[in-house]
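Trainee: I'll drop the sequence and a predicted model, then ask my questions.
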Amino acid sequence: MRALSVFVDSDVVISSLISSSGAASLLLKKKIKNLKLFISNFSQKELKIVSQRLEIKPDSLEKLVKNRFEIVNLKENNKSLKEKYADYVLDKNDAHIVAGAVKSKAKFLLTYNWRHFKREKIKNDFNVIILTPALFLQYLRSKNSFRGKI
């Protein structure tokens, strides 16, 4: 089976570091075969700022990012990304998330802020499905190839 590409919003990464019992933690801390996780260079910067503010140990974040994620390098500046992806988000500050999902060729975008995105437009234009971590877990468990691995 080909790996499922999944772009992960910063809020999901932070949630996995705060709680060890939630869906985000289960998805991000357990190696799941055939699952390829991505964040962008913009997300990586955002994660460092948020983890400092929340007093999350920097080595916990670094270890998680190093072990579980591939970094998608968005070369455009933030202003360009906001202009290019403005029609896909309700808050232009989330434009880099859509850009990362598109560049990584993700099939899924995981976020707790799903209301911030124009989900149907993103699905129609980029074939990216936006789900919460819990809904994504349900999806994985429904697939024969993932049964018993989560």
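Mentor: Structure received. These numbers were taken from a predicted model, which means no experiment stands behind them.

Trainee: any low-confidence regions in this structure?
Mentor: Across the chain, the ranges flagged by pLDDT under 70 are 1, 144-150.

Trainee: what about residue 138, neighbour count?
Mentor: Taking other C-beta atoms under 10 Å as the criterion, the count of residues near residue 138 is 12. Quick note: C-beta positions are derived from backbone N, CA and C, even for glycine.

Trainee: which SSE is it in?
Mentor: helix 133-142 (DSSP states H and E).

Trainee: in the longest helix along the chain, what counts as buried?
Mentor: Looking across the chain with DSSP state H, the single longest helix is helix 41-53. Using 16 or more other C-beta atoms under 10 Å as the test for burial, helix 41-53 gives 42-44, 46-48, 50-51.

Trainee: ok, which stretches of this structure are strands?
Mentor: 4-8, 35-40, 69-72, 108-110, 129-131 (DSSP state E).

Trainee: tell me which residues in stretch 52-65 are buried?
Mentor: 56, 61, 64-65.

Trainee: again with stretch 112-128
Mentor: In stretch 112-128, counting by 16+ other C-beta under 10 Å, buried: 112-113, 116-119, 122, 126, 128.

Trainee: turn those residues into a markdown table, including distance to residue 23.
Mentor: Output for the buried residues of stretch 112-128, formatted as a markdown table (distance: C-beta to C-beta, whole Å):
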| residue | distance to residue 23 |
| --- | --- |
| 112 | 10 |
| 113 | 15 |
| 116 | 19 |
| 117 | 18 |
| 118 | 23 |
| 119 | 19 |
| 122 | 21 |
| 126 | 24 |
| 128 | 19 |
